[in-house]
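**Q** 3D, please:
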Amino acid sequence: MNEKSYSKIYIVAVLLATWIVSFALFIDANIGIKYFSLLMFIPGGLAVLFNWIQYKDKNKIYECFKNKMNMKAMLFGILYPIVFLIVCGLLAEVMGVGHLTNAKIPVIRDIIVILISVILTLPAALGEEYGWRGYLLPKLTQEHGKTKATIIVGIVWALFHAPVVFLLGQATGMSNPLLLCVFQAIAAFTYSFPSSYCFYLSKNIVPVLFIHSVWNSINVMLLGDIYVNRKGIIEGNLIGINGEGILGAIMGVILIFFFIRKFERSEQ
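**A** Below is the predicted model of the structure:
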């Protein structure tokens, strides 16, 4: 079996497994809400299995950790989601679709809580990123180049989230679960571009773990949690102002062109 076949079978396996498990979990909504985060480990778990089946070499499993990290990759992984989400929050305020909850601004204690949250969510980030950027992206990049590989991974990432986002929206009383599902998928697709860029900077997935984990922690704290329908420091319609909602999707689409130029220049 050639490289292309493994990539295609991996994509089908991940999506099929995720969709089946998602609907199985939400046969009982309470169980789904409690255990949906387990889905995040499916991409990485299957990637380990595919690496072993394909190469029969345990060293191949650790390959995405072996390249030397650089400061640019780490700083981008940490700062990009922070800046992106702060700009989302500011735009929500300026546009009048969001407002500070009791004018609460993070203080030292809150910052410590965020740092702990980032650390605690790294395992879940690894569960996804080992599959998306550790296994799938490098293979697709060899076949298609950086831009097309990122587009494919972005589509898969969006489809991976779609059922659980819709089911969670229904279970937690979101106003329009289908609309939430659509815009979360668009936002996830667009976030594939900075995530790929972060990976390409060092070919090591550790910085990408941080771009994922920092995003999850800051987005929930600042703009709310779309997965459990909980507001953040900036209040407003979650579907509208969240980094994984309409505002985040629009900003992400605009920034896609910046990253495509970066990819094209690096391949010239």
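**Q** right, and the helix or strand after the helix or strand in which Val153 is found?
**A** Taking DSSP states H and E as the criterion, Val153 maps to helix 146-171. On the C-terminal side of helix 146-171, the nearest following helix or strand under DSSP H and E is helix 177-202.
**Q** would you mark the buried spots in that following helix?
**A** 177, 179-202 (16 or more other CB atoms under 10 Å). All C-beta atoms are positioned from the backbone trio N, CA, C, and that covers glycine.
**Q** what angle do the next helix or strand after it and helix 177-202 make?
**A** If you walk from helix 177-202 toward the C-terminus, the next helix or strand you reach (DSSP H and E) is helix 206-223. Counting by axes from the mean of the first three to the mean of the last three CA atoms, to 10 degrees, helix 206-223 points 140 degrees away from the direction of helix 177-202.
**Q** after helix 206-223 comes which helix or strand?
**A** Of the helices and strands lying after helix 206-223 in sequence (DSSP H and E), the nearest is strand 234-236.
**Q** starting at the chain centroid, how far to that following strand?
**A** Centre-to-centre, strand 234-236 and its host chain are 22 Å apart (CA atoms, centre = their mean, to the nearest Å).
**Q** strand partners of it, parallel vs antiparallel please.
**A** Applying DSSP bridges, strand 234-236 is found paired with strand 98-100 (antiparallel).
**Q** tell me the helix or strand right after the strand it pairs with.
**A** Beyond strand 98-100 in the direction of the C-terminus, DSSP H and E gives the next helix or strand as helix 108-120.
**Q** next SSE after that following helix?
**A** Per DSSP H and E, helix 108-120 leads on to helix 122-129 as the next helix or strand towards the C-terminus.
**Q** quick one: contacts of that next one?
**A** Among residues not part of helix 122-129, those counted as contacts by CB atoms under 8 Å, 6 or more residues apart in numbering are 37, 40-45, 195, 205, 208-210, 212-213, 216.
**Q** go again using 10 Å as the cut-off
**A** By CB atoms under 10 Å, 6 or more residues apart in numbering, the list of residues contacting helix 122-129 from outside reads 37-45, 47, 64, 118, 134-135, 137, 157, 160-161, 195, 198-199, 205-216.
**Q** can you give me the angle it makes with helix 177-202?
**A** Computed by the same axes, to 10 degrees, the angle between helix 122-129 and helix 177-202 is 90 degrees.
**Q** export helix 122-129 as CSV, just CAs?
**A** Output for helix 122-129, consisting of C-alpha atoms alone and laid out as CSV, is shown next (Å, rounded to 0.1, in the frame of the first residue of the first chain):
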residue,chain,number,x,y,z
LEU,A,122,-2.1,19.9,26.6
PRO,A,123,-2.9,16.2,26.7
ALA,A,124,-6.2,16.7,24.8
ALA,A,125,-4.4,19.0,22.3
LEU,A,126,-1.9,16.2,21.8
GLY,A,127,-4.7,13.8,21.2
GLU,A,128,-5.8,15.9,18.2
GLU,A,129,-2.5,17.4,17.0
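**Q** just use 21 as the starting number from now, easier for me
**A** Shifting the count to begin at 21 puts that one at helix 142-149.
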